[in-house]
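Q: The sequence isn't on hand, but the structure is:
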DNA sequence: TATTGTTATACTCTATAACTATA
DNA sequence: TATAGTTATAGAGTATAACAATA
């Protein structure tokens, strides 16, 4: 993906990876997510899943494991395992839901909230740096274009 | 990532995953790449790495393992292992470079080229379907915006 | 019977580095 | 010494499904 954005598309049964949207998207995601992972992984020793749980609980009073899975695009086992590690690290608290004891109420501990408050400004700064490549208007455009493409990709997933 | 593209950005030390660019990018990539992976994985039993090697060799007469790694954004061990599996499946050919015998010359076998010719129209059709969410002009915009963001993300990676 | 969440299992993928052969 | 490519190893992550507790 080296600056060939204005190149023509693939033609006639030939596929150039550098002009193939899924490949370009993948390399972009790798670069961006690694830039963020360096923070939560390197400095805070959190996995991607654990970071997402922290982030999710950081602006919700409490959530069940199921809600967490839906909100963070993780599988329920990933959530379950991230939870058990985060509990062991005393970053989150877990208690039963009084009304329906199948549910758990998960929330950040004081220590977890402290970690959240340290990480968030750092990752937001990185996001801001990366997006500083674009004007405010371009950022808005990018988000809208990505949303449209996302909806189409979901259609495709449903039909297999 | 449910249609919140026009929502305001994160503020004041709070981070909403659904408004966080790296997260949105990641979910988009997952949806898109899964749509493509269903093809090469499900119908042709190829891994992501193997598919990239096939795609790379499909429009290059021959490449060395090093060239493949650079072109396909894979690590040299990933390339090496994908090569060994593809050789075993008789999809690619490998011979020594006459001038410098440290290099290998890799190319598609007839069978490999046949697989390439079958897969490419299918994945291009999926790409086209996904991108049909956008006008031609919007597609062009999206690629350009992604390229700009990519360059910034690489800057960040370099500095850690 | 259906649902929430946990656990078991096997499998794959990854990262690091040692290693061979060639230059 | 440096480079291309392979192999070894251990650790991390993944998918599938069985399982317990609750409703």
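A: Good, I have the coordinates. All values reported here derive from a predicted model rather than from experimental measurement.
Q: only C-alpha atoms for contact and neighbour calcs from this point on.
A: OK.
Q: Can you pull out the low-pLDDT segments for chain A?
A: Low-confidence segments of chain A, defined by pLDDT under 70: A:1-11, A:160.
Q: need the strands for chain A, in chain order.
A: Applying DSSP state E to chain A gives strands spanning A:92-96, A:104-108.
Q: Please name whichever of these is nearest to chain B.
A: strand A:104-108 (14.0 Å; C-alpha to the nearest C-alpha).
Q: that older thread, tell me which of the strands of chain A sits most buried.
A: Neighbour counts (mean count of other C-alpha atoms under 10 Å in any protein chain shown) averaged over each of the strands of chain A peak at strand A:104-108, with a mean of 22.
Q: Outside of that one itself, list whatever touches it.
A: With C-alpha atoms under 8 Å, 6 or more residues apart in numbering or on different chains as the test, strand A:104-108 has contacts from A:54, A:57-58, A:60-65, A:91-97.
Q: Is there proximity between the longest helix along chain A and DNA strand D?
A: Counting by DSSP state H, the longest helix found in chain A is helix A:136-159. No - figure legend: helix A:136-159 not in contact with DNA strand D (C-alpha under 7 Å from any atom of the strand); closest approach 13.6 Å.
Q: what is the orientation angle of that helix with helix B:136-159?
A: Counting by axes from the mean of the first three to the mean of the last three C-alpha atoms, to 10 degrees, helix A:136-159 lies at 100 degrees to helix B:136-159.
Q: So which elements touch helix A:136-159?
A: Under the contact definition 3 or more C-alpha pairs under 8 Å, 6 or more residues apart in numbering or on different chains; DSSP states H and E, helix A:136-159 sits against helix B:21-37, helix B:110-131, helix B:136-159.
Q: now, of the ones you listed, which is deepest in the fold?
A: Comparing the helices and strands packed on helix A:136-159 by mean count of other C-alpha under 10 Å gives helix B:21-37 as most buried, with a mean of 21.
Q: would you turn the helices and strands packed on helix A:136-159 into a markdown table with distance to DNA strand C?
A: Below are the helices and strands packed on helix A:136-159 laid out as a markdown table (distance: least, C-alpha to the nearest atom of the strand, whole Å):
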| stretch | distance to DNA strand C |
| --- | --- |
| helix B:21-37 | 11 |
| helix B:110-131 | 18 |
| helix B:136-159 | 13 |
